[in-house]
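In: the amino acid sequence is not available; the structure is as follows:
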């Protein structure tokens, strides 16, 4: 995208360039209602839109879509720009374009995250850029949290929320042979072969118990009931429940 000349049918290499003084004069005419100058001004600033959306070229979005959204931000910037403030148009327009693109990415994200969490994340990114300029290095999460006067955990959670999902079939290494994918590096500690065998053994052991013993273990360890609750439900004493439970577990340990 960085080297793209034609985007959304617009050849950016052939777009006009205007100096700051010329742009201010054009803005005055736009404010007076000159639609022809307005269109000319927008075309003359499409390069600015292209330079801004390059920051988002790793988000997996179509560059043409981002460019169109950025153009909306440019138009909003033009409509709201106040020449009396004495600032360059680009200084005012860039944050407007970035905000429009970020809203688009937020609203079209496949994973829904609360707006407050995303706002915190974007504040953290802005603080990070500010600290990078001041410190001449990349700041850590603790420094960002201190800058925003927020908890470190809140910053971590917010930044994690705007990370793009990665496919399990995304290749992470390739050395002239079979590629190594993300799924090859994800280890499942719950569904190992040993766990499957253990679960099968427990299931088979449960089948060897009497219906009463099986019922007691089910209520105790799968439904989370106390021995007293089990005793009341099946109308026996708590001591009997304890004895039956102990004998059943002893048998199952031997079987497994």
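Out: That came in fine, so what should we check first? Nothing here was measured: the structure is a model prediction, and the numbers come from that model. Numbers count the residues shown, from 1 in each chain.
In: strands of the stretch 101-250 of the chain, start to end?
Out: Here the stretch 101-250 of the chain has its strands, by DSSP state E, counting those that start in this stretch, at 171-173, 180-181.
In: same for the last one, what does it pack against?
Out: Using 3 or more Cβ pairs under 8 Å, 6 or more residues apart in numbering; DSSP states H and E as the contact criterion, the neighbours of strand 180-181 among helices and strands are strand 171-173. No exception for glycine: its C-beta is placed from N, CA and C like everyone else's.
In: the strands of the stretch 101-250 of the chain: lowest mean pLDDT?
Out: Mean pLDDT values for the strands of the stretch 101-250 of the chain show the minimum at strand 171-173, a mean of 66.
In: middle-most residue in this structure, spatially?
Out: Nearest residue to the geometric centre of the chain (Cα atoms, centre = their mean): residue 162, 2.7 Å.
In: what's near enough to touch the closest residue to that residue other than its chain neighbours?
Out: Nearest non-adjacent residue to residue 162, counting by Cβ to Cβ, 6 or more residues apart in numbering: residue 121, 4.6 Å away. If a contact means Cβ atoms under 8 Å, 6 or more residues apart in numbering, then residue 121 has 158-159, 161-162 as its contacts.
In: make CSV out of these and add distance to residue 256 and pLDDT.
Out: Below are the contacts of residue 121 laid out as CSV (distance: Cβ to Cβ, whole Å; pLDDT from 0 to 100):
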residue, distance to residue 256, pLDDT
158, 46, 85
159, 45, 83
161, 43, 75
162, 46, 70
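In: as JSON lines, these with distance to residue 205 would be great.
Out: Shown next, in JSON lines, are the contacts of residue 121 (distance: Cβ to Cβ, whole Å):
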{"residue": "158", "distance to residue 205": "47"}
{"residue": "159", "distance to residue 205": "47"}
{"residue": "161", "distance to residue 205": "44"}
{"residue": "162", "distance to residue 205": "48"}
